[in-house]
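Student: only geometry, no sequence info:
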Ligand SMILES: C[S@@+](CC[C@H](N)C(=O)[O-])C[C@H]1O[C@@H](n2cnc3c(N)ncnc32)[C@H](O)[C@@H]1O
């Protein structure tokens, strides 16, 4: 295999790179440009040659820095997880989710400004539906009892004392006659009446909702959202908890996962034991409107939108989602009827006025004329044709970390409006990139971390981004086209990285989907002998498991930060910084 790195500047072989400090390993300038000419999308367009949609601003404007971001946003769904390909570890959450399979069917869509029939636009854009915008997989109706069924216990009520919060589903653990109950709408230390929602006499564990609170915890509040509570919307887990109380629960989850899966105390992980609030302080009782992407499902009987109940296909009709960003609420989606539509995905960009609605028609149905309260681009996803522009743009422009980012076809973008800047700053603070260094941005999406790293390592350095989503790669190449020192490759990290021939690097950022990077990828990364590694994680269990793999490979966390980027849900985001441990690990 060709060594894609020059020898190190150890005085014996190779040349120290310009800008390298004495004794610093001389990493290569990866050939940043050669891949770019082949950077075409499915229509064969490069970022530079792709034609403009009607009314679309020239691309020069899009890539021009427009200053610091303003707005707000979230990962779709209670599982709002981290984007396309995101997998949920642990019990599935319901509610406003992005993701899932699309029913078949075609139809004619129309937008607020007299849309043309399908295909009538100057450019036909048809690309595969992104995973983020597919309908959620069917939630498991029951925790499959191991062994023969047993008698159903659904509806049974038990008085229990609620124990610790559990990872991954917004529930706490309780016990009744020796059997474990996962109880939602409860808090540790409370005495509640728990009503069983899933399980039988043979189930290993039962699921339940706290339907009566006999002894409330001090962090309990009356849920501000009228659609939250037992049997209602599954989108938020912790509407009944103060903001500080929610963060305490997240602290407990992270502490437990680090101990259980990585064998680390908070101190050993370099963590100060806090989950940092993001966004300004709100008046008591006010809910942060952070979710810039919301997937509504449509009730076929009424044509009205709703959000999924927890672990169910059933809908909770709503007239407003309190955590939806203002740019989404202003569209007036809940006030309308959506005949022939299975789901309505709404995106409100941060830092630009772009809004996008993606419709999934019901099989064989004609899409309705869509009129909303604010200008919006409309697309639809057909099972056979994939993503199809109905009106306006097929992308939104997000503004973050001093750049404008094109995000097409409902592809992955951090959902909380402050997430991109928060995470980029944490990564840069932790890595402290130096002029002339080389860096990898793995699972790079539309290039968020690659762009920030490229600015720091300068023209003598180089950044290689790897991303498996074709449209995200096209966007990343477009977004970073002005940076000579960035190259973006399209493939799975685990299959492409070993094929690059890269045997060493200075810095690595990895931001994998919820499932994490896994043993094999981590084993490859530790072999690259990076000076520092930043691991951005949305699942504390996957993070802790991978930290254990890193330790086996000789890397230890030197700092860990956790951010409350998904208020009112059990989700949060972590940034761990790792360095070589400096001594062999037993
Ligand atoms: C959590 S997102 C991070 C995106 C980007 N870092 C950001 O913050 O905007 C994970 C990304 O990894 C991509 N992805 C999922 N599995 C992958 C794999 N095996 N190899 C490469 N990319 C993958 C997804 O398409 C998604 O864009």
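Tutor: It's in. Note that the structure is predicted; figures quoted are calculated from it, not measured.
Student: please count neighbours and contacts with C-alpha atoms only from this point.
Tutor: Will do.
Student: figure out the length between the terminal residues of stretch 234-248.
Tutor: Counting by CA to CA, to the nearest Å, you get 21 Å between the two ends of stretch 234-248.
Student: may I see the buried residues of that stretch?
Tutor: Across stretch 234-248, burial judged by 16 or more other CA atoms under 10 Å covers 234-243, 245-248.
Student: same list (these) but as TSV, adding distance to residue 276, pLDDT and secondary structure.
Tutor: Converted to TSV, the buried residues of stretch 234-248 look like this (distance: CA to CA, whole Å; pLDDT from 0 to 100; DSSP: H, G, I helix; E, B strand; the rest coil):
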residue	distance to residue 276	pLDDT	secondary structure
234	24	95	coil
235	22	95	coil
236	19	97	coil
237	19	97	coil
238	17	97	coil
239	18	97	coil
240	20	97	coil
241	16	97	strand
242	15	96	coil
243	11	95	helix
245	12	97	helix
246	11	97	helix
247	8	97	helix
248	10	98	helix
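Student: going by distance to the ligand, which of those residues wins?
Tutor: Lowest distance from the ligand to the buried residues of stretch 234-248 (CA to the nearest ligand atom) belongs to residue 235, with 19.4 Å.
Student: over to that closest one: give its phi and psi.
Tutor: Phi and psi for residue 235, reported as degrees, to the nearest 10, are phi -70, psi -40.
Student: got the contact list for whatever residue of the stretch 451-586 of the chain ends up closest to the ligand?
Tutor: The nearest approach of the stretch 451-586 of the chain to the ligand comes at residue 492, 3.2 Å away (CA to the nearest ligand atom). By CA atoms under 8 Å, 6 or more residues apart in numbering, the contact list for residue 492 reads 466, 467, 468.
Student: returning to that earlier point: would you format the buried residues of stretch 234-248 as a markdown table with distance to residue 419 included?
Tutor: Formatted as a markdown table, the buried residues of stretch 234-248 follow (distance: CA to CA, whole Å):
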| residue | distance to residue 419 |
| --- | --- |
| 234 | 23 |
| 235 | 19 |
| 236 | 18 |
| 237 | 20 |
| 238 | 20 |
| 239 | 21 |
| 240 | 24 |
| 241 | 22 |
| 242 | 21 |
| 243 | 18 |
| 245 | 21 |
| 246 | 18 |
| 247 | 16 |
| 248 | 20 |
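Student: show me which pair in those residues is furthest apart.
Tutor: 234 and 248 (20.9 Å; CA to CA).
Student: could you measure from the residue of the stretch 451-586 of the chain closest to the ligand over to residue 542?
Tutor: In terms of CA to CA, residue 492 sits 18 Å off from residue 542.
Student: so stretch 500-520, near the ligand or not?
Tutor: Yes - among the residues of stretch 500-520, 511, 512, 513 lie within reach of the ligand under CA under 6 Å from any ligand atom.
Student: could you find the closest non-adjacent residue to the first one?
Tutor: Going back to what we said before, that points to residue 511. In space, and not counting its chain neighbours, residue 511 is closest to residue 536: 4.7 Å by CA to CA, 6 or more residues apart in numbering.
Student: element containing that neighbour, please.
Tutor: Residue 536 is part of strand 532-537, with elements assigned from DSSP states H and E.
Student: that strand packs against which elements?
Tutor: Under the contact definition 3 or more CA pairs under 8 Å, 6 or more residues apart in numbering; DSSP states H and E, strand 532-537 sits against helix 419-431, strand 507-510, strand 573-580.
Student: run a quick neighbour tally on the nearest residue to residue 531 once chain neighbours are set aside.
Tutor: Spatial nearest neighbour of residue 531, excluding adjacent residues (CA to CA, 6+ apart): residue 506 at 5.1 Å. By the criterion of other CA atoms under 10 Å, residue 506 has 24 neighbours.
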